[in-house]
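> coords please:
(2 chains)
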2 protein chains.
Amino acid sequence: MNQEIIRDSFTLPGEEGYEKLTLDMAKKWGADVIRDSDGTKLSDEIINSGYGIYSTICLIRSDNQWAKENTDKLQQNFLMSFPVMAEDDSLEIEPLKGYFRDQFRLNKKDDPKEFWQVFDRTSGKEVPKEKWIFNEEKETVFITGITPWHKYTVNFLAVRLWEEISMYNHITNDWGDKERLMAVEPRYPETRVNILKWLENWCLEHESTTVVRFTSMFYNFAWFWGSDAKNRYLFSDWGSYDFTVNPVALREFEKTYGYKMTSEDFVNQGKYNATHNPPSKKYRDWMEFVNSFVIELGKECIDMVHKYGKKAYVFYDDSWIGVEPYGKRFPEFGFDGIIKCVFNGFEARLGGGVQGVDVRELRLHPYLFPTGLTGEPTFAPGGNPTLDASRFWVNVRRALLRVPVDRIGLGGYLHLVEPFPDFCDYIEKISDEFRLLKSFHEGKGPRSMSGKVGILTAWGSLRSWICSGHLHEHPEVDLTNVLEALSGLPFEVEFLSFDDIRENGVPEDIRVIINAGCAESAWNGKDEWKDEKVVEILTKWVAGGNGFIGINEPTAVDHSSQFFQMSHILGVDKDLGNKKCMGRYQFDVEESHFVTEDTPEPQIPACGDIFVLDGNTRVLAAEKGAPTLTSRTFGTGRGVYMSGFRFSIENTRLLTRAICHAGNMEEEMGSVTGDNMYTEVAYYEGKGKVVIINNSGEQQSVNIQMKDGSKLQVHVEPYDIEIKEMQQ
Amino acid sequence: MNQEIIRDSFTLPGEEGYEKLTLDMAKKWGADVIRDSDGTKLSDEIINSGYGIYSTICLIRSDNQWAKENTDKLQQNFLMSFPVMAEDDSLEIEPLKGYFRDQFRLNKKDDPKEFWQVFDRTSGKEVPKEKWIFNEEKETVFITGITPWHKYTVNFLAVRLWEEISMYNHITNDWGDKERLMAVEPRYPETRVNILKWLENWCLEHESTTVVRFTSMFYNFAWFWGSDAKNRYLFSDWGSYDFTVNPVALREFEKTYGYKMTSEDFVNQGKYNATHNPPSKKYRDWMEFVNSFVIELGKECIDMVHKYGKKAYVFYDDSWIGVEPYGKRFPEFGFDGIIKCVFNGFEARLGGGVQGVDVRELRLHPYLFPTGLTGEPTFAPGGNPTLDASRFWVNVRRALLRVPVDRIGLGGYLHLVEPFPDFCDYIEKISDEFRLLKSFHEGKGPRSMSGKVGILTAWGSLRSWICSGHLHEHPEVDLTNVLEALSGLPFEVEFLSFDDIRENGVPEDIRVIINAGCAESAWNGKDEWKDEKVVEILTKWVAGGNGFIGINEPTAVDHSSQFFQMSHILGVDKDLGNKKCMGRYQFDVEESHFVTEDTPEPQIPACGDIFVLDGNTRVLAAEKGAPTLTSRTFGTGRGVYMSGFRFSIENTRLLTRAICHAGNMEEEMGSVTGDNMYTEVAYYEGKGKVVIINNSGEQQSVNIQMKDGSKLQVHVEPYDIEIKEMQQ
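Modelled structure (predicted):
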């Protein structure tokens, strides 16, 4: 590297007892801040070594003594009992049966008749409250006057006895009788007072802390555990508001919104309100209600931190419900920074794109821990943390070409790196790479294509750059894969909701809209596509020269004569089995096309019985007689259909070409990409630099376009980076 | 064969000019009847040779001269125009665009405003009649005051110019300017008069005809052709009533039923009323209405035939709409016999099981024609008709073990067999095999398992032993495959509708019910499963010791908390994508089980994201983490799930075992089957015989159980048959 860059912007996890290592690594990696981690402490020697100090706190599980003394103020949620078959006209149900008793107990304090509901899940109807009674002693619900051979469930309020992150770490690491932390409910006035008191006290006791790193605020994502080890995680969703429910909130909501949220509004036939599914209006109201509370109390906490001269950063991962960084009200918190842990590029885009904070920091993987996510060794015999780090870095680096990030860092137990000197060298290398890339973003950002890409989902901008959770958790979610591909591509990206389209039409600068997902999903939109207004606006917009890309079951909902409501633009539709008797247009697959130029045999997951409408649909790929990739001209615009999308280097190129094609931007492509899909290129006009990265494990050669129109051939080592002057 | 059997019951297609061949083959094959075929005539020499004579007639296309003179009395149907996008607030649609003009023209005679409808297919709503006008000269519909960027269709009445079977044969065989036959509409009084007059005349002129072989009655199954050769068959359904529509019928229906059938009741968003889809109440009314007419006029024709001393048989294949042989009113026709062409075993069961006729005849394949169904050579160089015949015979023979059939026969051009003496020998052999099997059915039928199998569909007994069309047309329809497997198995089979279950519960003698199909299909039942009464009755019935087998998406409909409404019995359910966040029970596949004893690695098509409910579901096979075969005990009964079913010898055995297991009949299996799945066994107690057939191309050895409980080992040559005494 021939650049003069200040070696800072790095957060190092320090560790008491390893003072020399801490300070050596701080120097090697260019740290300017030292942090503690779950299970580590910083010694005075470290604290007083002149570095900035981050200290991690999690307000709702911090004062466990208080929690133990106030078990009537723990967090709660609704659960649906497992269904039980009636063999008679009465039935006894044990609501907690099948749930993990270390996590849940019944809320017996608040009147079940106020909050609980019993359902006949055969008919789908509620059982009137007169027909059931709760037996407090037996912890069962007895139902009478019902229909034999129907199955019944009880929706009930459960109190949570173990904060989920504590529970997961405790059980995974076999912590035995180490104290179990509990999550207190801040809606209770006493809890609120205690949280604020505890925080103030903490601020007073942590004079040297420069940044308070909130492990988010008050509510964790939903995670229901079961008693059966063969089905431990009964429900887990990264974005659901299930854990925000409690009697205080329910009553307050009714007062504020003028109607009552029922248990079934949350239980939702046992599907709960998974973020992958389209949200109901009521659920959106509830989210708004909770968000408002989290901001209000959160701001009070942040103000207190500021009062003590410290900065407040939020670590966006656990207990982040109501903190959505792309929520319109997020800036009201007054956070100084946000820290996002990243496995992938889209997460780097998420962290890097947050507005309303001064500092955006990424916590890189691997975490300094003996084992990884699935229990495989990392910093332990058999592990190869350098390889792990390089895999994550290759994912993340692409995104750093596109979005500026202020800081990076690591977390965990620093002493674990000692036996891995190559890892220490590698972190040194990538931290310098990071600083270099960061420097290029100063002034004007990287060159992008003229037309923006819009991602249309039921959630819109609230869930910018994320669906729900990590890519490795739900690798089958097409949109997560699309976001990962887009994270490093030379397109500006905007996230749109159906309301956005209805109210304002498609924003002027958007050239291509992507709708990707299965018919049932929020990413697709489902019932939103029944709104003719949406179809109308988008149809006209495409006809006027724009592009619409549909992936998997785009625009799909059972409505009128078509399943894909934009089939007239996509040129294909899907038969669910009720169009067996309709003829199928016999297409030929086009042998060469702009979209498949780099990937003549694209790897696209099939999507059942997709059929083309007529000869105006050009089929670019097919599998077992069903098209997997098509293009259709509509007016002066285009529709492109892909039957699925999985992130890979090849598919990223395919998507690049599909977007350029859909948006009539084919000719621009050469000015923002090279001719080798295993490399990516970013032109920083403000700096006069071109950055070329090699995303592959082999040496690559790529021709890139220079300012004068000439081509420059560049060789890049495996996974490496090259910098060239824009004007050679 | 050591049996004394009279060599008759065979119908031979004779041919003028080949008198010697005709009489030689009649002798060789044991014919007692000679018939004509489409395109062949019988000479006087043949007619007077002492054989019975079948003559083929098709009433609605017989008097083409009259049809040409009365083109206002041709058959009609509703069509939906191809959708057209509005770019403005008005639009002109050419209804016939995209349709085959040799088949269809507009009905301009009857007021379009009385019958036609225009739909906005974006919103799904009808366009008021005031907003469109029909331009008779331009043959277009002009629509005003509509919404730009919505798509519109016109439902219109089309007159059909070419009878479909004539059209198909004409075009396929390149008949050039050979006359095109037209189908007349018998609802017009003048047509009716002419049909009866023509028939009377025909009877007078065909003195030597002993049997009038009606090529069904008046209405063909639906077959809409398109103008684009790449999508010629726009809609084809073996059982739909689309071709029974015309102004006379529509007006009469309104008078009879007190409400009006609209074009959209037939067009149904372009899906029409495909037999694979669940029928609406209105459509069932229409069917009843048409059936009534077909019976009434049909009976008049049959009575006339009887008056002239002839018998009336119906060939159940073309123009059979309204003639459904399993319709409750079928016996009212007064037919003397029914003839069914058969490729498969289930079709033999269909033909053999018809009530209300004296004679059940099967027309075997191959048809004596140069080419087969897909244009491959049969009686032509490169063809191997003996092999073809043996393949069909192996399919059909299994069924003849189970059901008595009175006659068999062939069709086509007899002269084509001359160069194939091995074919002539083979037909001799199988005709004798047929007579032998027929003789065994005299008195008591073959031994069956104690419990009957019920097939539960939206159509019930009306569509006994058939879904819609042949197995090779829709090999993906699970139930057709199941029927083919069942056709030769030692179970009595009954076809049940949901009304049957609702009104009378499950019949006493049924031990196992099968529900098989995709969620959208009539075979599954779709909305019928929303009826809690049905679920209740079946749940109780299973709990009481019976079995329920679900295949593909059994009992599936979007209702309440489950997709499979009988999931509590099947032990599995399917995630359509909205239960991503629910945990999946981690099952193990059982290594050995009664059901998979003969097929440890069963070939079962996967069905998406199937998950097991809990540890009480036993998984017998799985693919990519999703179960494909499961068993669950419920009360004293059982549920079995299979994610799909395709007919094969191995899967037939798997199904046998699944039924025995579901119905707690495991121990009976040895008394009705052998221990080699490539063979099948039938015990005729009345005759004291055991018949063993080999369905495979290899010699097989099988142990069968004798009356005294001993085992007898039997060797059977490839595709051959062995007969043993029950008491050796």
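> drop to CA atoms for contacts and neighbour counts, all remaining ones
Fine.
> do stretch A:478-490 and chain B meet at all?
No - residues of stretch A:478-490 are not located near chain B by C-alpha under 8 Å from any C-alpha of the partner chain, the shortest gap being 11.9 Å.
> how far is that stretch from where the chain is centred?
13 Å (C-alpha atoms, centre = their mean, to the nearest Å).
> Likewise for stretch A:576-586?
Distance, centroid of stretch A:576-586 to centroid of chain: 37 Å (C-alpha atoms, centre = their mean).
> before we move on, what about stretch A:374-386?
25 Å.
> any idea of the mean pLDDT in that stretch?
What stretch A:374-386 shows for mean pLDDT is 92.
> Ends of that stretch, what's the gap?
This stretch, stretch A:374-386, spans 18 Å end to end (C-alpha to C-alpha, to the nearest Å).
> With stretch A:317-334 instead?
One end of stretch A:317-334 to the other measures 18 Å (C-alpha to C-alpha).
> quick one: contacts of it?
Residues outside stretch A:317-334 that contact it (C-alpha atoms under 8 Å, 6 or more residues apart in numbering or on different chains): A:165, A:215-221, A:239-241, A:287, A:290-292, A:294-296, A:298-299, A:302-303, A:340-341, A:354-357, A:461-464.
> For those residues, which ChimeraX command selects only the ones that are buried?
Buried subset of the contacts of stretch A:317-334, written as a ChimeraX selection, criterion 16 or more other C-alpha atoms under 10 Å in any protein chain shown:
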select /A:165,215,216,217,218,219,220,221,239,240,241,287,290,291,294,295,298,299,302,303,340,341,354,355,356,357,461,462,463,464
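> out of the contacts of stretch A:317-334, which are inside strands?
Per DSSP state E, strands hold the following members of the contacts of stretch A:317-334: A:340, A:341.
> filter the contacts of stretch A:317-334 down to the ones near chain B?
Okay, of the contacts of stretch A:317-334, nothing touches chain B (C-alpha under 8 Å from any C-alpha).
> So for stretch A:94-103, what gets flagged as buried?
For stretch A:94-103, burial by neighbour count (16+ other C-alpha under 10 Å) applies to A:94, A:95, A:96, A:98, A:99, A:100, A:101, A:103.
> is that stretch anywhere near chain B?
No - applying C-alpha under 8 Å from any C-alpha, one finds stretch A:94-103 out of contact with chain B, separated by at least 10.2 Å.
> Centre of the chain to that stretch, how far?
29 Å.
> just for the stretch 1-150 of chain A, where's the confidence low?
Applying pLDDT under 70 to the stretch 1-150 of chain A flags residues A:1-4.
> if we go to 90?
Applying pLDDT under 90 to the stretch 1-150 of chain A picks out residues A:1-7, A:37-41.
> Residue A:361 and residue A:410 touch, don't they?
No - in this structure, residue A:361 is not within contact of residue A:410 by C-alpha atoms under 8 Å, at 10.4 Å.
> circling back to that earlier point, restricted to helices, list the contacts of stretch A:317-334.
Among the contacts of stretch A:317-334, the residues falling in helices (DSSP state H) are A:165, A:287, A:290, A:291, A:292, A:294, A:295, A:296, A:298, A:299, A:302, A:303.
> pLDDT score assigned to the fourth one?
Reading off the per-residue confidence, residue A:291 sits at a pLDDT of 98.
> With the first one instead?
Model confidence at residue A:165, expressed as pLDDT, equals 93.
> And the buried residues of stretch A:94-103, which is closest to residue B:574?
Proximity to residue B:574 was ranked across the buried residues of stretch A:94-103 by C-alpha to C-alpha; first place goes to residue A:98, at 20.7 Å.
> what's that closest one in contact with, if anything?
For residue A:98, the contact set (C-alpha under 8 Å, 6+ apart) comprises A:82, A:226, A:227, A:228.
> looking at these, which has the most residues close by?
Of all the contacts of residue A:98, the highest neighbour tally under other C-alpha atoms under 10 Å in any protein chain shown goes to residue A:226, namely 22 neighbours.
> Quickly list what it is bridged to.
residue A:99 (DSSP bridges).
> wait, it sits on residue A:102?
No - Residue A:226 lies out of contact with residue A:102 (C-alpha under 8 Å); the separation is 9.8 Å.
> Flag every residue of the stretch 501-650 of chain A that's near chain B.
The stretch 501-650 of chain A has residues A:518-521, A:530-532, A:535-537, A:539-540, A:559-561, A:565, A:576-587 near chain B, with proximity defined as C-alpha under 8 Å from any C-alpha.
> change it to 6 Å
For the stretch 501-650 of chain A, the contact set with chain B under C-alpha under 6 Å from any C-alpha of the partner chain comprises A:520, A:532, A:536, A:560, A:561, A:577, A:578, A:581, A:582, A:583, A:585, A:586.
> so how far is residue A:617 from the last one?
Same thing as residue A:586. 11 Å.
> Neighbour count for the two, which is higher?
More neighbours surround residue A:617 than the other of residue A:586 and residue A:617, with 21 against 16 (other C-alpha under 10 Å).
> can you pull up the bridge partners for that one?
residue A:632.
> List the contacts of it.
By C-alpha atoms under 6 Å, 6 or more residues apart in numbering or on different chains, the contact set of residue A:617 is A:571, A:631, A:632.
> quick check, nearest of these to residue B:472?
Closest to residue B:472 out of those is residue A:571 (28.6 Å), distances taken as C-alpha to C-alpha.
> So which bits of the helix-or-strand element of chain A with minimal mean pLDDT are buried?
Using mean pLDDT, DSSP states H and E, the weakest-scoring helix or strand in chain A turns out to be helix A:164-172, at a mean of 91. When burial is assessed from 16+ other C-alpha under 10 Å, helix A:164-172 yields the following buried residues: A:164, A:165, A:166, A:167, A:170.
> ok, of those residues, which one's closest to chain B?
residue A:164 (16.1 Å; C-alpha to the nearest C-alpha).
> Need the per-residue pLDDT for the closest residue in space to the closest one that isn't next to it in sequence.
Once flanking residues are discounted, residue A:164 sits nearest to residue A:223: 7.2 Å by C-alpha to C-alpha, 6 or more residues apart in numbering or on different chains. For residue A:223, the pLDDT comes out at 97.
> what about residue A:223, how many residues close to it?
20.
> And it, how close does it get to residue A:272?
Separation of residue A:223 from residue A:272 (C-alpha to C-alpha): 11 Å.
> Low-confidence stretches in the stretch 151-300 of chain A?
A:169, A:172-174.
> which residue ranges form the strands in it?
Using DSSP state E, counting those that start in this stretch, the strands of the stretch 151-300 of chain A run over residues A:151-160, A:211-214, A:222-225, A:233-237.
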